[in-house]
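Q: Predicted coordinates and the sequence they were generated for:
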Amino acid sequence: MWGNPPLAFLPRVQSGFNFDMSQPKIIQGGMGVAVSGWRLAQAVSRLGQLGVVSGTALAVVLARRLQLGDPGGDLRRALAHFPIPHLSAKVLHDYFIPGGKPAKAAFKPLAMPTLRPRPALMELMVVSNFVEVFLAKEGHPGVVGINFLEKIQLPTLPSIYGAMLAGVDYILVGAGIPRAIPGAIDLLAEGKPVALRLDVEGATAGDDFSSRFDPRSLWQTTVVPALKRPLFLGIVASATLALALAKKASGHVDGFVVEGPTAGGHNAPPRGALQLTPAGEPIYGPRDVPELDKIRDLGLPFWLAGSFGRPGKLDEALSLGAAGVQVGTAFAFCEESGIDPELKQEVITASLRGEARVFTDPKASPTGFPFKVAQVPGSMSEAATYEARERICDLGYLRRLYRKPDGSVGYRCPAEPIASYLLKGGSLADTVDRKCVCNGLPATVGIGQGRSDTSRELPLVTAGDDLIHLQQFMRPGKDSYSAADVVQILLHGKLQA
């Protein structure tokens, strides 16, 4: 079931598009912080589908994994291929610890993203995105994408450029209306400076709040190499958003992922006034079902997402005129995903027992978007456990920008310490039930910050409603499954020998 009413009630049509046969039928969704890391994306791409790495907070991921000693040397191998050697050498010097840091030691803090980031942070963003995409593309001819969130704007330009330096094939952007991204990609491919207008609360008509990035500052020359222009896919929840992107984007839009509210991670809010179920989840209605006929009329390929990770769902999507499906949750718990192995097994066991639960939390995310949270004991999903956590904001990726009375930009997050948020003009009501997504997601993949000798940040697991269906990917006698098993189920409806 997808949305309300389900897609089953929508008319079936034969696709009127002449899709390029090289287009993937399956997009593996970009998830969390390093849940869809390079190993997962590479595995899916080797199978002829579109493997996607998450582009969220990759500077944190690279810095912390280098501090863990880079077991296996994969990160250092990728750094050795970075085309501006003095920058990768600086990153290695600043963060790599041979043998890894002491287990109880905290990770080195990073500067938080700002309107004008420190050069070292900007360079780390570029390098980290290159590393993730390079490793995902290494050793095979398949295509690789990277996923960004429109709600996280400050790192976007250097992150995109780093991914393009590694030859990324697709850029996918959701959680907002990324009108400016296609044009930014065009300019970056030409090696030109680019600016991105930022969402700033309280901004006036005369304000110009923009992040800026100039590739020449990295190369230290006026002439920089031209890069391949990756395809751009906007992640949308409605025909209205697809039409806005297709007609008003700053550059060419190559297609869409049409995502329903049963997908994991951030969901688009329901259209109209927010209403909640007795359990406190947003209610989605007929207005939230995308009008696929209008999306089809745009003449661009689209993939359907949100509870499409089951046998027969790919055929259903194709019959609706889609190029294929995007699937997240099924891949999130496969062997190649980045989720901490013990945590992953705990969730899989709960799913196999029929005990897995996902709550669409209207307040958890500081973005204000509904956020799907898997109910895992001992994680941030437990209210009492989270309330015992000291409120800290030291990563800052989901901070909101606001206009100060003097016309400058400030940064605040409803999950930060309440007194600090109120001093910045925030409302007390906004702080209720907010969770530190920035710290919870890295903890999910085993790189949570240590707060003392005895405590670390707790994980925050996000998953879609299909979490209850993980049994379908299991072979007899096994309690885990691979990315290849997921692809087989989606393509063929069953596991092959």
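A: Here it is on my side, so go on. This structure is a prediction, so every number in the text was calculated from the model and none was measured. Residues are numbered from 1 along each chain as shown.
Q: What strands line up against the lowest-mean-pLDDT helix or strand in the chain, and which way round?
A: In the chain, no helix or strand scores lower on mean pLDDT, DSSP states H and E than strand 265-266, which sits at a mean of 80. When pairing is defined by DSSP bridges, strand 265-266 lines up against strand 371-374 (antiparallel).
Q: rewinding a little: list the helices and strands the following helix or strand past the least confident helix or strand of the chain packs on?
A: As assigned by DSSP states H and E, the chain's next helix or strand after strand 265-266 is helix 292-296. In terms of contacts (3 or more Cβ pairs under 8 Å, 6 or more residues apart in numbering; DSSP states H and E), helix 292-296 is packed against helix 239-248, strand 255-259. No exception for glycine: its C-beta is placed from N, CA and C like everyone else's.
Q: what's the least confident stretch among the ones you listed?
A: Note on the helices and strands packed on helix 292-296: helix 239-248 shows the lowest mean pLDDT, a mean of 90.
Q: Residues contacting it, please?
A: 177-179, 234, 236, 253, 256, 258, 290-292, 294-295, 298, 300, 302 (Cβ atoms under 8 Å, 6 or more residues apart in numbering).
Q: what about Val44, neighbour count?
A: For Val44, the neighbour count with other Cβ atoms under 10 Å is 31.
Q: please renumber so the chain begins at 40
A: Fine by me, first position is 40 from now on; the one you just mentioned is Val83.
Q: Pass me the low-pLDDT residue ranges in the chain, would you?
A: 40-61, 492-493 (pLDDT under 70).
Q: please redo it, this time with the cut-off set to 80
A: 40-61, 214, 261, 300-303, 307, 491-494, 536 (pLDDT under 80).
Q: longest single helix anywhere in it?
A: In the chain, taking DSSP state H as the definition, the longest helix is helix 158-176.
Q: May I have the residues that are in contact with Ser289?
A: Arg218, Ala219, Ile220, Pro221, Gly222, Ala223, Asp225.
Q: any idea how far Gly245 is from it?
A: Note on Ser289: its distance to Gly245, by Cβ to Cβ, to the nearest Å, is 21 Å.
Q: swap in Leu480?
A: For Leu480, the distance to Gly245 - Cβ to Cβ - is 37 Å.
Q: neighbouring contacts of stretch 452-466?
A: Here stretch 452-466 has contacts from 405, 430-432, 435, 437-439, 441, 449-451, 467, 469-470, 473-477, using Cβ under 8 Å, 6+ apart.
Q: again, only this time at 6 Å
A: Residues from elsewhere that reach stretch 452-466 (Cβ atoms under 6 Å, 6 or more residues apart in numbering): Pro405, Arg430, Cys432, Leu437, Arg438, Gly449, Arg451, Asp469, Thr470, Arg473, Lys474, Cys475.
Q: got it, and stretch 122-130?
A: With contacts defined as Cβ under 6 Å, 6+ apart, stretch 122-130 is touched by Leu118, Phe121, Glu162, Leu163, Val166, Leu257.
Q: Kindly recompute the last result at 8 Å.
A: Contacts with stretch 122-130, where a contact means Cβ under 8 Å, 6+ apart, come from 101-102, 105, 118-119, 121, 159, 162-163, 165-167, 204, 257-258, 264.
Q: Please indicate which of these are buried?
A: By neighbour count, with 16 or more other Cβ atoms under 10 Å, the contacts of stretch 122-130 hold Leu101, Ala102, Leu105, Leu118, Phe121, Glu162, Leu163, Val165, Val166, Ser167, Leu204, Leu257 as buried.
Q: Show me which pair in these is furthest apart.
A: Leu105 and Leu257 (19.7 Å; Cβ to Cβ).
Q: before we move on, the earlier item: so if I had to pick from Leu480 and Gly245, which one is more boxed in?
A: Between Leu480 and Gly245, counting by other Cβ under 10 Å, Leu480 is the more crowded of the two (29 against 6).
Q: give me every residue that touches the more buried one.
A: Gly71, Val72, Val74, Thr95, Ala96, Leu499, Thr501.
Q: Can you tell me the SS state at the last one?
A: What that stands for is Thr501. Per DSSP: H, G, I helix; E, B strand; the rest coil, the local secondary structure of Thr501 is coil.
Q: Tell me which residues touch it, please.
A: Taking Cβ under 8 Å, 6+ apart as the test, what Thr501 contacts is Met70, Gly71, Gly303, Gly304, Phe410, Lys411, Val412, Ala413, Leu480.
Q: can you do 10 Å?
A: Residues near Thr501 by Cβ atoms under 10 Å, 6 or more residues apart in numbering: 70-71, 74, 302-305, 367-368, 371, 397, 400, 403-404, 410-413, 420, 476, 479-480, 483.
Q: Next: the fourth one.
A: For Thr95, the contact set (Cβ under 10 Å, 6+ apart) comprises 69-75, 185-188, 191, 194, 198, 304, 436-437, 476-477, 480-481.
Q: Please repeat the previous calculation with a cut-off of 7 Å.
A: By Cβ atoms under 7 Å, 6 or more residues apart in numbering, the contact list for Thr95 reads Val72, Leu188, Ile191.
Q: who wins for neighbours among the residues you listed?
A: Busiest of the contacts of Thr95 [other Cβ under 10 Å] is Val72, holding 27 neighbours.
Q: Distance to Glu426, secondary structure and neighbour count added to the contacts of Ser289, as CSV?
A: Below are those laid out as CSV (distance: Cβ to Cβ, whole Å; DSSP: H, G, I helix; E, B strand; the rest coil; neighbours: other Cβ atoms under 10 Å):
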residue, distance to Glu426, secondary structure, neighbour count
Arg218, 39, coil, 18
Ala219, 38, coil, 22
Ile220, 37, helix, 26
Pro221, 42, helix, 21
Gly222, 44, helix, 16
Ala223, 40, helix, 23
Asp225, 47, helix, 16
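Q: ranges for the helices of the stretch 390-536 of the chain?
A: Ranges of helices in the stretch 390-536 of the chain, per DSSP state H, counting those that start in this stretch, are 422-426, 457-462, 476-483, 522-531.
Q: and those, which is most packed in?
A: With neighbours taken as mean count of other Cβ atoms under 10 Å, the helices of the stretch 390-536 of the chain reach their highest mean count in helix 476-483, at a mean of 26.
Q: and the gap between the residue lying farthest from the centre of the chain and Ile216?
A: Within the chain, Asp445 marks the point farthest from the mean C-alpha position, 34.1 Å out by Cα atoms, centre = their mean. Asp445 sits 29 Å away from Ile216, going by Cβ to Cβ.
Q: Equivalent analysis for Asn168, please.
A: 22 Å.
Q: Compare neighbour counts for those two and give me the winner.
A: More crowded of Asn168 and Ile216, by other Cβ under 10 Å: Asn168, with 28 against 17.
Q: which residues sit in contact with the closest residue to the more buried one other than its chain neighbours?
A: For Asn168, ignoring the flanking residues on the chain, the nearest one in space by Cβ to Cβ, 6 or more residues apart in numbering is Gly201 at 3.1 Å. The contact partners of Gly201, by Cβ under 7 Å, 6+ apart, come to Met164, Val165, Val166, Ser167, Asn168, Phe169.
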